[in-house]
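Asker: below are the sequence and a predicted model; questions follow.
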Amino acid sequence: NPKSTTGRLDIFTRLITDGGQEFEYVPEAYHGNLYLEVVSRTFQIVVQAGMRLTQLRLIQGKPSETNDIDDEALSELSKTEKLVYAEDGSDIIPRIGGGLRMSVDLQGNGSKVIAYEAKQDCPPIDLANINYYEIQDFWEGIEGPQPKGIILQRNKFYILASAEKFCIP
(Lines give C-alpha, C1' and ligand atoms only; values in the text may rest on other atoms or scores of the structure.)
Protein backbone atom coordinates (compact mmCIF):
# COMPACT_ATOMS: atom_id res chain seq x y z
CA ASN A 1 0.00 0.00 0.00
CA PRO A 2 1.19 3.54 -0.53
CA LYS A 3 1.89 5.36 2.73
CA SER A 4 -0.68 7.99 3.62
CA THR A 5 1.66 10.77 2.48
CA THR A 6 2.22 9.26 -0.95
CA GLY A 7 -1.46 8.39 -1.27
CA ARG A 8 -2.46 11.99 -0.55
CA LEU A 9 -0.14 13.08 -3.37
CA ASP A 10 -1.73 10.60 -5.80
CA ILE A 11 1.42 8.49 -5.99
CA PHE A 12 0.53 4.90 -6.83
CA THR A 13 2.87 2.13 -5.65
CA ARG A 14 2.87 -1.63 -6.20
CA LEU A 15 5.19 -4.36 -4.98
CA ILE A 16 6.82 -6.64 -7.56
CA THR A 17 9.02 -9.73 -7.06
CA ASP A 18 11.41 -11.52 -9.41
CA GLY A 19 9.38 -14.06 -11.37
CA GLY A 20 6.19 -12.97 -9.59
CA GLN A 21 2.80 -13.78 -11.04
CA GLU A 22 0.92 -10.88 -9.44
CA PHE A 23 1.45 -7.54 -7.74
CA GLU A 24 1.52 -7.20 -3.94
CA TYR A 25 2.20 -10.89 -3.44
CA VAL A 26 5.39 -12.48 -2.13
CA PRO A 27 5.31 -16.29 -2.28
CA GLU A 28 6.20 -18.34 0.77
CA ALA A 29 9.97 -18.90 1.18
CA TYR A 30 10.76 -16.24 -1.47
CA HIS A 31 14.41 -15.14 -1.57
CA GLY A 32 15.30 -12.24 -3.78
CA ASN A 33 14.88 -8.57 -4.39
CA LEU A 34 11.61 -6.73 -3.93
CA TYR A 35 10.82 -4.00 -6.46
CA LEU A 36 8.48 -1.07 -6.27
CA GLU A 37 6.49 0.28 -9.18
CA VAL A 38 5.94 4.01 -8.58
CA VAL A 39 3.54 6.11 -10.65
CA SER A 40 2.97 9.75 -9.80
CA ARG A 41 -0.36 10.50 -11.40
CA THR A 42 -0.77 14.18 -10.51
CA PHE A 43 2.40 15.88 -9.29
CA GLN A 44 6.00 15.78 -10.41
CA ILE A 45 8.00 14.28 -7.57
CA VAL A 46 11.65 14.05 -6.59
CA VAL A 47 12.67 10.81 -4.86
CA GLN A 48 15.98 9.80 -3.36
CA ALA A 49 17.51 6.47 -2.42
CA GLY A 50 16.23 5.18 0.90
CA MET A 51 12.91 7.04 0.84
CA ARG A 52 9.90 5.24 2.24
CA LEU A 53 7.12 5.33 -0.34
CA THR A 54 5.08 2.26 0.55
CA GLN A 55 4.13 -0.04 3.40
CA LEU A 56 4.71 -3.77 3.46
CA ARG A 57 1.96 -5.69 5.26
CA LEU A 58 2.82 -9.22 6.27
CA ILE A 59 0.01 -11.73 6.68
CA GLN A 60 0.41 -15.32 7.78
CA GLY A 61 -2.02 -17.67 6.08
CA LYS A 62 -4.51 -16.86 3.37
CA PRO A 63 -5.33 -13.15 3.32
CA SER A 64 -9.07 -13.77 2.86
CA GLU A 65 -9.12 -15.78 6.09
CA THR A 66 -7.07 -13.40 8.22
CA ASN A 67 -7.88 -9.95 6.84
CA ASP A 68 -11.54 -9.81 5.94
CA ILE A 69 -14.30 -8.98 8.35
CA ASP A 70 -17.74 -9.71 6.91
CA ASP A 71 -20.80 -7.56 7.45
CA GLU A 72 -22.19 -9.87 10.12
CA ALA A 73 -19.00 -9.70 12.18
CA LEU A 74 -18.86 -5.93 11.68
CA SER A 75 -22.47 -5.61 12.90
CA GLU A 76 -21.62 -7.69 15.99
CA LEU A 77 -18.55 -5.55 16.66
CA SER A 78 -20.64 -2.38 16.41
CA LYS A 79 -22.75 -3.60 19.36
CA THR A 80 -19.75 -3.43 21.71
CA GLU A 81 -17.51 -0.82 20.05
CA LYS A 82 -18.26 2.74 18.99
CA LEU A 83 -17.26 2.61 15.31
CA VAL A 84 -18.83 5.80 13.92
CA TYR A 85 -19.47 9.13 15.60
CA ALA A 86 -20.30 12.74 14.79
CA GLU A 87 -18.08 15.83 15.06
CA ASP A 88 -19.49 16.49 18.56
CA GLY A 89 -18.67 12.93 19.68
CA SER A 90 -22.24 11.64 19.62
CA ASP A 91 -22.91 8.15 18.29
CA ILE A 92 -23.95 7.54 14.71
CA ILE A 93 -25.49 4.23 13.73
CA PRO A 94 -22.94 2.62 11.38
CA ARG A 95 -24.03 1.93 7.81
CA ILE A 96 -22.83 -1.59 7.08
CA GLY A 97 -23.11 -3.26 3.68
CA GLY A 98 -20.07 -4.54 1.85
CA GLY A 99 -18.03 -3.07 4.70
CA LEU A 100 -18.36 0.04 6.85
CA ARG A 101 -19.72 2.84 4.67
CA MET A 102 -18.79 6.48 4.79
CA SER A 103 -20.22 9.59 3.19
CA VAL A 104 -18.63 12.78 1.91
CA ASP A 105 -18.97 15.98 3.92
CA LEU A 106 -20.20 18.75 1.63
CA GLN A 107 -21.39 20.97 4.51
CA GLY A 108 -18.00 21.74 6.03
CA ASN A 109 -18.68 20.97 9.70
CA GLY A 110 -17.35 24.39 10.69
CA SER A 111 -14.75 24.68 7.91
CA LYS A 112 -15.17 26.84 4.82
CA VAL A 113 -13.14 24.40 2.68
CA ILE A 114 -14.94 21.11 2.00
CA ALA A 115 -12.51 19.67 -0.55
CA TYR A 116 -9.18 20.22 -2.26
CA GLU A 117 -8.50 19.90 -5.99
CA ALA A 118 -4.91 19.36 -7.10
CA LYS A 119 -3.54 22.17 -9.24
CA GLN A 120 -1.96 21.43 -12.61
CA ASP A 121 1.61 22.37 -13.63
CA CYS A 122 3.00 22.76 -10.13
CA PRO A 123 6.70 22.75 -9.32
CA PRO A 124 8.18 19.34 -8.45
CA ILE A 125 7.64 18.09 -4.91
CA ASP A 126 10.79 16.83 -3.22
CA LEU A 127 9.55 14.14 -0.86
CA ALA A 128 12.55 14.78 1.42
CA ASN A 129 11.08 18.18 2.33
CA ILE A 130 8.69 17.58 5.22
CA ASN A 131 6.39 20.45 6.31
CA TYR A 132 8.04 22.58 3.65
CA TYR A 133 5.45 23.37 0.98
CA GLU A 134 2.47 25.72 1.12
CA ILE A 135 -0.90 24.04 0.52
CA GLN A 136 -2.11 26.82 -1.80
CA ASP A 137 0.84 26.20 -4.17
CA PHE A 138 -0.50 22.73 -4.99
CA TRP A 139 -4.15 22.66 -3.99
CA GLU A 140 -7.22 24.76 -4.78
CA GLY A 141 -9.74 24.83 -1.94
CA ILE A 142 -13.38 24.18 -2.80
CA GLU A 143 -15.62 26.07 -0.39
CA GLY A 144 -18.91 24.89 1.00
CA PRO A 145 -21.50 24.21 1.95
CA GLN A 146 -22.52 22.57 -1.32
CA PRO A 147 -26.07 21.31 -0.78
CA LYS A 148 -26.47 20.24 -4.43
CA GLY A 149 -23.07 18.54 -4.58
CA ILE A 150 -19.91 19.22 -6.55
CA ILE A 151 -18.85 17.99 -9.96
CA LEU A 152 -15.59 16.05 -9.91
CA GLN A 153 -13.80 16.49 -13.23
CA ARG A 154 -12.27 13.56 -15.09
CA ASN A 155 -8.49 13.18 -14.70
CA LYS A 156 -8.39 15.52 -11.70
CA PHE A 157 -7.36 14.55 -8.18
CA TYR A 158 -9.44 15.55 -5.15
CA ILE A 159 -9.28 15.12 -1.41
CA LEU A 160 -12.59 15.24 0.46
CA ALA A 161 -13.38 14.62 4.12
CA SER A 162 -15.84 12.08 5.42
CA ALA A 163 -18.96 13.42 7.13
CA GLU A 164 -18.46 10.87 9.91
CA LYS A 165 -15.55 10.17 12.21
CA PHE A 166 -14.41 6.58 12.69
CA CYS A 167 -12.81 4.50 15.40
CA ILE A 168 -11.03 1.31 14.31
CA PRO A 169 -10.63 -0.94 17.36
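Answerer: Done, it's in.
Asker: just give me how far stretch 101-112 sits from the chain centre.
Answerer: Using Cα atoms, centre = their mean, to the nearest Å, the mean C-alpha position of stretch 101-112 is found 17 Å from that of the whole chain.
Asker: how far off centre is stretch 124-138?
Answerer: The answer for stretch 124-138 is 18 Å, by Cα atoms, centre = their mean.
Asker: please renumber so the chain begins at 269
Answerer: That works, and once the first residue is 269, the last one we named lands at stretch 392-406.
Asker: and that stretch, end to end?
Answerer: 10 Å (Cα to Cα, to the nearest Å).
Asker: how about stretch 394-409?
Answerer: 22 Å.
Asker: list the buried residues in that stretch.
Answerer: For stretch 394-409, a neighbour-count test (16 or more other Cβ atoms under 10 Å) marks 395, 406-407 as buried. (C-beta placed from N, C-alpha, C; glycine too.)
Asker: now do stretch 308-320
Answerer: 308, 310-311, 313.
Asker: among the residues you listed, name the ones in strands.
Answerer: Here DSSP state E is the test, and the buried residues of stretch 308-320 give 308, 313 as lying in strands.
Asker: tell me the two of the buried residues of stretch 308-320 that are most distant?
Answerer: Longest distance between any two of the buried residues of stretch 308-320 is 9.4 Å, between 310 and 313; criterion Cβ to Cβ.
Asker: what's the lengthiest helix in the chain in contact with?
Answerer: Secondary structure of the chain per DSSP state H: the longest helix is helix 339-348. Applying Cβ atoms under 8 Å, 6 or more residues apart in numbering, the external contacts of helix 339-348 come out as 337, 351, 362, 364-368, 437.
Asker: with that, I have no additional questions.
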